[in-house]
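Enquirer: Here is my input, please return the structure:
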Amino acid sequence: MEKHIEMSLAKKMTFADRLLSLAASLLPMLISCYILVLVVSLKFSSFIALAVIICAVALFASYKIFCSFNIDWEYIFVDDEIRFSKIINKSRRKELVTVNLSKAEAVARVNDGAHNRLLTHRDYKHYNFKSNTTDDCWFVAGLSSKGERICVVFEPDERMLEALKLTVRSRFFG
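Expert: Okay, the predicted model is just below:
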């Protein structure tokens, strides 16, 4: 019988994220508005239409850049794997990594001192899919669908934890 659990978490932006979002979206606006003011002040009347078009395109690009910082994480548990995806501005979905649970080495809490040595291991590629709203984070370490060693930090709900406990049994440390 196939198990299927989906959950989605909105990522809370940190101060650094907000600062980066502001800088990345303000820069194209400032440059394009400067070009427009420069063209108008130097009275290059033949380039005003081009400057207005450049300014409009840059303003639209700034809006898209600003919206791209609105991120949701999606976890999909299906039978013997967990798929992690990133949803950008509630419109674009990008599948990031899939963990094969039959080849998982451990599933444990991040703050579990006896089992969290894999979080700092250099042989693993590390992923962080947390919402930054709670300290109750878990990690799964093992092989991805592409065969690389990965360690993923995430925030599963109770249904997903029960399914993980049944699936990985002896490698589940809760």
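
Enquirer: quick one: contacts for Arg117?
Expert: Counting by C-beta atoms under 8 Å, 6 or more residues apart in numbering, Arg117 makes contact with nothing. From N, CA and C alone the C-beta is placed, and that goes for glycine too.

Enquirer: try the one 4 residues further on
Expert: Contact criterion C-beta under 8 Å, 6+ apart gives 141, 151 as the residues in contact with His121.

Enquirer: Ile87 too?
Expert: 8, 71-74, 93-94 are the contacts of Ile87 under C-beta under 8 Å, 6+ apart.

Enquirer: Direction included, what does the helix or strand containing it pair up with?
Expert: For Ile87, the element it lies in under DSSP states H and E is strand 81-88. According to DSSP bridges, strand 81-88 forms sheet pairs with strand 71-78 (antiparallel), strand 92-100 (antiparallel).

Enquirer: starting at the chain centroid, how far to that strand?
Expert: 8 Å (C-alpha atoms, centre = their mean, to the nearest Å).

Enquirer: And that strand, what's buried?
Expert: Buried residues in strand 81-88, counted by 16 or more other C-beta atoms under 10 Å: 81-85, 87.

Enquirer: so when I look at Val140, I'm seeing a helix, right?
Expert: No. Going by DSSP: H, G, I helix; E, B strand; the rest coil, the assignment for Val140 is strand, not a helix.

Enquirer: which residues in the chain form strands?
Expert: 4-10, 71-78, 81-88, 92-100, 106-109, 125-129, 138-143, 149-154, 172-173 (DSSP state E).

Enquirer: For Arg18, find the nearest of those.
Expert: strand 71-78 (12.7 Å; C-beta to C-beta).

Enquirer: and the closest one, how far out from the chain's middle?
Expert: Counting by C-alpha atoms, centre = their mean, strand 71-78 comes out at 10 Å from the chain centroid.

Enquirer: try stretch 40-54
Expert: 40 Å.

Enquirer: okay, how far is it across that stretch, tip to tip?
Expert: Its first and final residues considered, stretch 40-54 spans 13 Å by C-alpha to C-alpha, to the nearest Å.

Enquirer: That stretch: which residues count as buried?
Expert: Applying 16+ other C-beta under 10 Å to stretch 40-54 flags 47, 51, 54 as buried.

Enquirer: cool, stretch 161-173 as well?
Expert: 163-164, 167-168, 171-172.

Enquirer: per-residue pLDDT, the residue most central in space within the chain?
Expert: Nearest residue to the geometric centre of the chain (C-alpha atoms, centre = their mean): Lys86, 4.9 Å. Lys86 is assigned 95 on the pLDDT scale.

Enquirer: number of nearby residues for the closest residue to it other than its chain neighbours?
Expert: Among residues not flanking Lys86 along the chain, Lys94 sits closest, at 4.9 Å (C-beta to C-beta, 6 or more residues apart in numbering). Lys94 is flanked by 9 other residues according to other C-beta atoms under 10 Å.
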